[in-house]
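Chemist: let's see this in three dimensions:
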Amino acid sequence: MSLPSVSRLPVAPSRLWWTTIAVVLLLMPALASAQDVTEAALKAAFIHNFAKFTEWPADTVAAGEPFVLCVLGDAAVGEALARSVRAGQLGGHRLTVSTLEPGAPQAVCHVLYVSGVTVGQAAQAVAHVRDAPVLTISDLVGFPALGGAAQFFFDRGRLRFSVQLESVKRAHLKISSRLLALATPHE
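Modeler: Reported below is the predicted structural model:
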């Protein structure tokens with residue numbers, strides 16, 4: 001009986017291989033405590049890491065005020081994000097999560113995740129924070145065309161993201177080159 005052959009890794013691993021390793025390393029702390037990773041938990045971990053790898057203008061959050069991550073339209077991601085950031089801090093500010101309802105007055109947000117709403121509601125939410133230092137993220141198709149900064153999508157069963165640098169710059173934000181290296185080019 002012969003043993004099956006084992007294929008070897010190429011001498012120079014592909015970009016996809018390095019990207020996969022980098023995503024796993026970025027998400028490892030958030031995923032280490034989870035036995036079953038849901039789509040909501042995975043998106044929450046990505047959102048949390050986006051916040052960690054983004055730089056806001058120095059005067060964005062006043063001393064003693066929390067850094068607010070808002071979720072519009074997706075309660076499951078909001079709950080997962082609240083668990084992910086529990087007792088966490090960012091830049092010396094306590095992290096809080098605010099769940100927003102479509103059509104409700106907009107709260108103060110530093111990160112705004114939009115999902116499960118109409119394109120019109122998403123466009124309204126993005127327009128409300130246009131030019132403000134708010135990192136806007138969504139899984140809605142065409143979100144960058146609405147002025148959003150980052151869009152999640154699934155590719156071959158894996159969560160990926162693209163970044164619209166023009167929107168990031170308009171919001172006066174700086175995204176780490178380490179995070180940008182993991183992004184899929186915006187189409």
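Chemist: quick one: residues contacting the spatially most central residue of the chain.
Modeler: Taking CA atoms, centre = their mean as the criterion, residue 47 is the residue nearest the geometric centre of the chain, at 3.0 Å. With contacts defined as CB atoms under 8 Å, 6 or more residues apart in numbering, residue 47 is in contact with 69, 77, 81, 84, 111, 113, 137. From N, CA and C alone the C-beta is placed, and that goes for glycine too.
Chemist: report the mean confidence score over the longest strand along the chain.
Modeler: When the chain is parsed with DSSP state E, its longest strand is strand 93-100. Mean pLDDT, computed over strand 93-100, is 94.
Chemist: packing partners for the next helix or strand along the chain from that strand?
Modeler: Sequence order places strand 111-114 as the next helix or strand after strand 93-100, per DSSP states H and E. Helices and strands touching strand 111-114, by 3 or more CB pairs under 8 Å, 6 or more residues apart in numbering; DSSP states H and E, are helix 39-52, strand 67-72, helix 119-128, strand 135-138.
Chemist: and of the ones you listed, who's closest to residue 159?
Modeler: Among the helices and strands packed on strand 111-114, helix 39-52 comes nearest to residue 159, with 5.5 Å by CB to CB.
Chemist: same question for the closest one, mean pLDDT?
Modeler: The average pLDDT within helix 39-52 is 96.
Chemist: mind putting the helices and strands packed on strand 111-114 into JSON lines with distance to residue 183?
Modeler: Shown next, in JSON lines, are those (distance: least, CB to CB, whole Å):
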{"stretch": "helix 39-52", "distance to residue 183": "10"}
{"stretch": "strand 67-72", "distance to residue 183": "20"}
{"stretch": "helix 119-128", "distance to residue 183": "19"}
{"stretch": "strand 135-138", "distance to residue 183": "12"}
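Chemist: residues making contact with stretch 64-71?
Modeler: 47-48, 51, 61, 77-78, 81, 85, 89-91, 93-100, 107-113, 115.
Chemist: just to revisit the earlier point, list the strands paired with the longest strand of the chain, with their directions.
Modeler: Note on strand 93-100: by DSSP bridges, its sheet partners are strand 67-72 (parallel), strand 89-90 (antiparallel).
Chemist: and it, how far from the chain's centre?
Modeler: For strand 93-100, the separation from the chain centroid amounts to 14 Å (computed by CA atoms, centre = their mean, to the nearest Å).
Chemist: now do it against helix 39-52, angle only.
Modeler: 140 degrees (axes from the mean of the first three to the mean of the last three CA atoms, to 10 degrees).
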